[in-house]
Structure formats: structure tokens, C-alpha cells
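Student: what follows is a predicted structure for the sequence shown.
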Amino acid sequence: VQDVVAGVPEQHVVAGRELATTWQFAGPDPLSEFSHRPWILTQWLPELAMAGAYRVGGLPAVAWLASLGISSLCVTVYFVCRRWGGHLGAVVAAGMAALGAAGSLSPRPQLVGLLLLVVTVGAWLATARDLRARWWLVPLSWVWACCHGTWVLGPMVGLVVIAGLVAHRDLSRAQLGRLVGLALGCAAVGLLTPLGLRSVESITAVQAVSPYIEEWRRASLTSPSTLVSLLMAAVVLLTVRRTSLPRWVTVGLVAFAVVWTLWHQRTVAVGSGLCGLLGELSNQPLTSMVVPAGIFSVTGPFSVGTC
């Protein structure tokens, strides 16, 4: 806990405390007299949770909350992978996804964004299989937009999946209309938070200062997280014929993951999570890289025996 406490960004706790007092989501910066940029709380929901945890138990309570978020992310990746594969394959995929995302597993609201990204990608992967529109993604996108700016990735993933299905010629006009409506609905509700259009303006503001922030610089090809993410992407592409998804959906999502992996250091986790989920769908190629077939048999959630 002491190690996690040392990495807790106190500004999120302070921001949550200020919001709980004023309920002002945007306006002049109350913490600095010299700031000339507006104060926009795009991560207000987890910041309120962090402020509440701080009131209960101080920074150690915030650290425990962050540890819960990291554990929830890993478990969610496992269970999404487990829907299409075995226990061992899901563990390997979740482990490699967590390794690739290691640089972003810090006590900040972005943990919630990564968690909701995994849930959303899992839902769109299921849609790529059965062509059903999962309308519960619309309210989930609203919650996501209240938590972190990564909410814009949800509609993007949806559009990539739809484009892949169109290229694969799997959609009727009615199905295409429903899925496009779902993606547009997820994008629209992100503008219906207390911030309104400012939730999009804040993304531009971040880009303006990104050259001065280490984690917003280009991803390094020598970084272990970047290498793991690119390795998973390569494995998925090499085994694309074995995937249970339409081929162009897989190719589109891998390209999407690679772009985000290479864009910034902070977005490597996005590509890593996507590639981890896709790897398990390719008939467990990631498992075969680590454990040769026939060595282990998995007969239960906690029982692994030799064959």
C-alpha cells in the first residue's frame, strides 16, 4: 500500500473534494491564481470516489481503491477471454494484456477508462459474431464519459467492427442500420454529461500540452510494454485464418490497436488490451506461444494437471 500511496496523484483527490463542495464541473481554476486555462473536470465521477475514499481512510484508502481497480481490470480481461476460450488461454491473454498495460496501471481515473474499454470491446466482439446490437452500451458510454476521456474509443471500436462486417458482407441493411445507430448513440450520450460539449474540447486541450508531458510523447519501440503489445498484434495477424471472428473485423481491430500502441506512451495500454482480447479469439495462439499443446489439461477453474 505504501508503494501505491507514493504514486497517488493528489490532484484527483483535491478535484473530487472541490467538486463535492461546489458542483462546478468547469470554470476558472480554483487551485491557482495564475492559470489561464479553464478547469474542466472530465474525470469527475472517479474523482468523487477518490475524495470519498480519502475522507474515510486517507491516502491508504485511495490506494486500496486503486488496487481494486487494477485487480478488476485483470479479472475483467480474463472473463471476457474466458467466454471464447479455456482457462489457461484466458490467463495467458490476461497476463500479457496486463504486462503491455503495465505503464498505465497507476492510481488514476484512467483505470476506469481501461476497464470500460475492455467491457466495450468484449461486447462489440460478441456483436461481430452474432450481429446483435447491444443497446446497453449506450448508458455504459454515458458512465464512461463521466469517468475518463477514453470514452471516445467506444464508438471508434464500434465503427471499426461495423466496417469489418461490411467488408465481410455479413450485414443486411436492417442490421447495418441498427449497429450504426448503436455506435452513433454511444457517441451522442458522451455529449450529454454535465460537461456537455466541453468533454470533447478537453481532448484538444490535452493535445496542446502533450509535448511537455512525458507520458504523452511517442511510444518507444524499446519499451517492454510496447514490444509486448506489438508482439501480440503480430501473432493475431499471423493466425488470422484461425480466428472465430470475420477476418476483416480482426484485421481492422489489430490495425486500430497498433495505431494506439504507437501513438503515445499513455495509449500503449489501449492497444495491449485490444490485442489480448483478440489473441484469445484466434483459437488461443498466445497460449501455444507460451505452453505447447498437450502439456497441460485444465479441468476446472483452479485445477491444472499434467497429461
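Tutor: Thanks, I have the structure now.
Student: contact partners for C186?
Tutor: The contact partners of C186, by CB atoms under 8 Å, 6 or more residues apart in numbering, come to 137-138, 141, 154-155, 158. No exception for glycine: its C-beta is placed from N, CA and C like everyone else's.
Student: tell me the pLDDT of it.
Tutor: The model reports C186 with a pLDDT of 95.
Student: in what helix or strand does the residue lying closest to it once chain neighbours are set aside lie?
Tutor: With sequence-adjacent residues excluded and distances taken as CB to CB, 6 or more residues apart in numbering, C186 is closest to S141, at 4.0 Å. Secondary structure from DSSP states H and E places S141 in helix 137-145.
Student: output the contacting helices and strands for that helix.
Tutor: Under the contact definition 3 or more CB pairs under 8 Å, 6 or more residues apart in numbering; DSSP states H and E, helix 137-145 sits against helix 110-130, helix 153-168, helix 173-189.
Student: nearest to S223, of those helices?
Tutor: helix 110-130 (17.4 Å; CB to CB).
Student: quick check: angle from that closest one to helix 137-145?
Tutor: 160 degrees (axes from the mean of the first three to the mean of the last three CA atoms, to 10 degrees).
Student: export the helices and strands packed on helix 137-145 to CSV and tack on distance to A97?
Tutor: Listed next are these as CSV, based on distance: least, CB to CB, whole Å:
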stretch, distance to A97
helix 110-130, 8
helix 153-168, 15
helix 173-189, 23
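Student: V240: which of those is closest?
Tutor: Between those, helix 153-168 lies closest to V240; by CB to CB that is 11.6 Å.
Student: could I get the buried residue list for that closest one?
Tutor: Buried positions in helix 153-168, judged by neighbour count with 16 or more other CB atoms under 10 Å: 153-155, 157-162, 164-166.
Student: need those in JSON lines with pLDDT and distance to C275, can you?
Tutor: Listed next are the buried residues of helix 153-168 as JSON lines, based on pLDDT from 0 to 100; distance: CB to CB, whole Å:
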{"residue": "L153", "pLDDT": "94", "distance to C275": "14"}
{"residue": "G154", "pLDDT": "95", "distance to C275": "18"}
{"residue": "P155", "pLDDT": "95", "distance to C275": "20"}
{"residue": "V157", "pLDDT": "96", "distance to C275": "13"}
{"residue": "G158", "pLDDT": "96", "distance to C275": "18"}
{"residue": "L159", "pLDDT": "96", "distance to C275": "19"}
{"residue": "V160", "pLDDT": "96", "distance to C275": "14"}
{"residue": "V161", "pLDDT": "95", "distance to C275": "15"}
{"residue": "I162", "pLDDT": "95", "distance to C275": "20"}
{"residue": "G164", "pLDDT": "93", "distance to C275": "16"}
{"residue": "L165", "pLDDT": "93", "distance to C275": "20"}
{"residue": "V166", "pLDDT": "93", "distance to C275": "23"}
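Student: nearest to S229 among those residues?
Tutor: Among the buried residues of helix 153-168, and counting by CB to CB, the member closest to S229 is L153, at 15.1 Å.
Student: please report how far the closest residue to the closest one other than its chain neighbours lies from Q265.
Tutor: Excluding the flanking residues, the one nearest L153 by CB to CB, 6+ apart is L117, at 5.8 Å. In this view, L117 and Q265 are 17 Å apart by CB to CB, to the nearest Å.
Student: who has more neighbours, these two?
Tutor: L117 (25 against 20; other CB atoms under 10 Å).
Student: and that one, what pLDDT?
Tutor: For L117, the model assigns a pLDDT of 94.
Student: V161 versus that one, what's the distance?
Tutor: Taken as CB to CB, the span from L117 to V161 is 14 Å.
Student: does anything pack onto the top helix by length along the chain? Which helices or strands?
Tutor: Using DSSP state H to define each element, the chain has its longest helix at helix 44-82. Helix 44-82 sits against helix 2-6, helix 10-22, helix 87-100, helix 110-130, helix 268-281, with contacts defined as 3+ CB pairs under 8 Å, 6+ apart.
Student: what about the shortest one, average pLDDT?
Tutor: For helix 2-6, the mean pLDDT works out to 46.
Student: distance to Y78 added to the buried residues of helix 153-168, as CSV?
Tutor: Shown next, in CSV, are the buried residues of helix 153-168 (distance: CB to CB, whole Å):
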residue, distance to Y78
L153, 21
G154, 21
P155, 26
V157, 20
G158, 23
L159, 27
V160, 23
V161, 22
I162, 27
G164, 25
L165, 27
V166, 31
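Student: which sections of the stretch 201-307 of the chain are below the confidence cut-off?
Tutor: Within the stretch 201-307 of the chain, the ranges that satisfy pLDDT under 70 run 202-216, 281-307.
Student: can you list the weak-confidence ranges in the stretch 1-150 of the chain?
Tutor: Confidence mapping of the stretch 1-150 of the chain against pLDDT under 70 gives the ranges 1-9, 29-36.
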